[in-house]
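> Build me a structure from this.
(chains A and B)
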Amino acid sequence: MTAERMRLLLPVLSLAVLLGAVFYLQPRAMSYFGLNLLFNLAIPVALATIAQMMIIMVNDIDLSIGAFVSFCACVTATFVHDTPLIGYSILLLAILGYAALGALIQLRGLPAIVVTLGMSFVWGGLAVLILPSPGGASPEWLKALMVFKTPLVPIAVIVPLIIAFVVHVLIKRSWVGVVLQGLGGNERAMERAGWSVVQLRAGAYGLAGLFGVLAGMCLVGLTTAADANIALRYTLLSIAGVILGGGEFVGGRISPFGAVIGALTLTLAASFLSFLRLSPDWQIGAQGAILILVLAVRLLFVRKGVTA
Amino acid sequence: MTDKMLSLEPSANRLSDLIRKPWLWAYIAAALTFAATSLVAGSAAGSLLYAALTFASFSAIVGIGQMLVITMGPGNVDLSIPASMTLAATLALKFMDTQTELILPGFLIAIGVGMGCGILNFALILMLRIPPIIATLAASFLYQSLAIWSNRGLRIKPPEPLAEFATGGTLGVPNVALVGIALAVFAYVLLEKAIAGRWISAIGQNLRAARLSGVPVNIVRFAVYVNSAVCAALAGFLLASFSGGANLNMGTEYMLMSIAVVVIGGSSIGGGNSNVPGIWGAALFMFLIVSMLNSYGLGAGIRLILTGLVIVCVVALASRKGYNT
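Below is the predicted model:
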C-alpha cells in the first residue's frame, strides 16, 4: 500500500464508522431520501474545505474562509439574482482579490493567519453592507441544480465526489498541482528552479478564492437565501476537514479526496449528534471532542506508519 | 536574524534607536486617532480617554498572554482566549451569586478555571502533537459548551463591591487599567530581566538551539499557555464585573483583538521578539479607531471593513522583509 493510500485510510474508516453508527441509531436513514438529508449541506462544506486545502497546501492557514463564503453567498443572493452581469463581476473581483492577497503575503513575508483574520472582518463588513438583514433569493438555475434528483445515489453524495475527482486531477495529476505542492514543500527550491513564488502563492490563493465563491453559490442554491453570518463556522469546519482528511499543516502534503471525505465526516457528525438526542448545549463541545478524538487516532496511525 | 543581533548591542544613536522602536508607532497612531475623535466629539476628550483606558485594558490583558504565546515562534497561537474568558466569567459569577463575601473565592475560581483551560490546551498540544491552532480551537469548543451548559441564558449580576471596583477609578485612572498596567509591568520585567523571559524568546528564535542549550522547553511552553489562559480568565472576570454580568459571546471580539494588539504593538509575529509597551499602545489604538468611526457616524459594515483593513495594512507595513515563515 502506498503512503498516499495509507493516508486516506483513516478518513475513510472514520466516515464508515460514523455512517454505521448513524444507520444503527436510525435505520430509516439508509435510503435515498435519508442520505440526501444526512449530507444535505455537504456540497458547500466540501467546496470550502477544498478552498482551505489550497491555502494549507502552501503552508498557510485561512481564517477568513467562513466570512468569505458568507460574502459570496450574499452577493449570489442579491446581485447575481438581480443583475447577473454585475454579480458575476463582483465574484470575479473577489477571486482576484484573493489572489492579490496571496501575492501580498508572499511579497512582504506576512503571517497568513493575521492577514486572513483581518480580512475576515473585511469580508464580514462587505457582507453586512450588501445584506444588512437575512434575505435575498437564489438564482433559479442554482436552486434547480441543487435539488436535481440523480438516479440511485443522491446529488449531495455524488457532487462532493466529483469535486474531489476534479481537484485530484488538478492537484495530483497536473503540473499546476505539482508546483503548488512544491511551494509548500520547499519554497526556496522552487525559487531557485526559476519559478516566481509570488505568482505561485497568488495562484494558490486564487484557486482558494474560486472554490470559496463556488461554496457560497452552492450554499445559496441550497438555502435559497443568505445572511451575513451564514457560513462563519466553515472556517473551522474546513481546517478540521483538511486535517481529518490526512492533510498536514506544513510541507504541502494534502489529499483532495481526503479533504472531501473529511468534510463529509464532519457534516455527518452534526447529524449523528442530533440523532443521539444530545442536548444542544453540548453539540459544539461534542464536535470539538470528535475532532480531538480523530486526531488522537491519527497519531496512533502515524506512529504505526513510522515503525512499520 | 542580523536585525536581532544588532539590537542586542548598545546603540550609539539614541534618537534613531527610538524611531526604530516599533511600539512608538502604535502610540503615535493612538494619539492621532484620539485627536481625530475628540475633534468631532468636542469637549468630551477627558471622558473619551477614560473610556479608552478602560476598554483597552481588557484587550491589553488578553494581549499580554497572547504575546508570550506568539513569542514562542511560528504556529504558536492561543485561539481559546474568547472561550476561556467566557467560561471563567460564567462560572465565577454563578458561584458568587451576587454575594459580597464570596468575591475572593469567586476570583480564585476564575483563575482556577483559567489554569484548567491552559493545562488542557497544553496537554492536547503535547500529547496529540497537534498544532496549537487546532488544539486550542478544538478545546475552545469544549469550554464554550461548558459555559452554555452552566449559564443557561441566565445573566447573574456581579456582587455590588466588585462591580463598583470594575467600573470605578483611582486618582482619575480606571481600576481595570491599573490592573492591566500592573500586569504589563510584570510582563516587561519578566521578559527583559528574568531568565524565564530569555527562555521564552530563545524558544521563539530557535527551538532546537534552545533545547540543546538546556532550556526546559516543555516547562516554559506549559507555563506560557497556562499564563495565556489565566490572563484570559482574569480579563473575562473583570469584563463581566464591569458590564454587569457574563454572557455567552462576551469574548468573541477578543479573538482578533488579542492577536491584533500583539502585531500592531510591534512584536514579531514570527516569534522570538516581544514588545510589552506596544501592547498598550495598540490596545488604545484599536479602541480609539472604533470610537472614531462611530463618532463619524459610520455603520457597522464600514466599521468592520476599516478595522480589518487597518490590521492588514499595519501588518503589511510593519513587516521586515526577510522574515522567514
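
> tell me the pLDDT at B:E9?
Confidence at B:E9, expressed as pLDDT, is 44.

> sorry, that was for A:L142
In this prediction, A:L142 has a pLDDT value of 85.

> Please, which helix or strand holds it?
Assigned by DSSP states H and E, A:L142 falls within helix A:140-146.

> Could you list every helix and strand that that helix packs against?
Contact partners of helix A:140-146 among helices and strands, from 3 or more C-beta pairs under 8 Å, 6 or more residues apart in numbering or on different chains; DSSP states H and E: helix A:197-223. Where you see a C-beta, it was placed from the backbone N, CA and C, and this is true even at glycine.

> list the buried ones in the helix it packs on?
Buried residues in helix A:197-223, counted by 16 or more other C-beta atoms under 10 Å in any protein chain shown: A:197, A:200-223.

> ok, and of these, which contact chain B?
Among the buried residues of helix A:197-223, no residue lies close to chain B (C-beta under 8 Å from any C-beta of the partner chain).

> still on that earlier bit, what are the contacting residues of the helix holding A:L142?
With contacts defined as C-beta atoms under 8 Å, 6 or more residues apart in numbering or on different chains, helix A:140-146 is touched by A:43, A:76, A:155, A:217-218, A:220-222, A:224.

> Tell me the spacing between B:V185 and B:N218.
Separation of B:V185 from B:N218 (C-beta to C-beta, to the nearest Å): 28 Å.

> Grab the most central residue of chain A for me.
By C-alpha atoms, centre = their mean, the mean C-alpha position of chain A lies nearest to A:T49, the distance being 1.4 Å.

> and that residue, what does it touch?
A:237-238, A:241-242, A:245, A:259-260, A:262-263.

> How far off centre is the helix holding A:L142?
Remark: helix A:140-146 is offset 21 Å from the chain centroid, using C-alpha atoms, centre = their mean, to the nearest Å.

> Flag every buried residue along stretch B:235-252.
In stretch B:235-252, counting by 16+ other C-beta under 10 Å, buried: B:235-243, B:245-248, B:250-251.

> Tell me where the model's unsure across the stretch 1-150 of chain A.
A:1-4 (pLDDT under 70).

> please redo it, this time with the cut-off set to 90
A:1-15, A:17-42, A:59-61, A:63, A:79-84, A:107-115, A:117-118, A:131-150 (pLDDT under 90).

> picking up where we left off before, which of the contacts of A:T49 fall within helices?
Using DSSP state H, A:237-238, A:241-242, A:259-260, A:262-263 are the members of the contacts of A:T49 that sit in helices.

> Kindly indicate which of those residues lies nearest chain B.
Minimum separation from chain B among the ones in helices among the contacts of A:T49 (C-beta to the nearest C-beta) is found for A:V242, which lies at 10.2 Å.

> residue contacts, the closest one?
Taking C-beta under 8 Å, 6+ apart as the criterion, A:V242 is in contact with A:49, A:52-53, A:56, A:254, A:258-259, A:262.

> again with A:A164
Counting by C-beta under 8 Å, 6+ apart, A:A164 has contacts A:46, A:50, A:256-257, A:259-261.

> make it 6 Å
A:256-257, A:260 (C-beta atoms under 6 Å, 6 or more residues apart in numbering or on different chains).

> got a winner among the residues you listed for most neighbours?
A:V260 (30 neighbours; other C-beta atoms under 10 Å in any protein chain shown).

> B:G245: what secondary structure?
Taken by DSSP: H, G, I helix; E, B strand; the rest coil, the conformation at B:G245 corresponds to coil.

> in terms of contact, does it touch B:R155 like I think?
Yes - B:G245 is in contact with B:R155 according to C-beta atoms under 6 Å; the separation is 4.1 Å.
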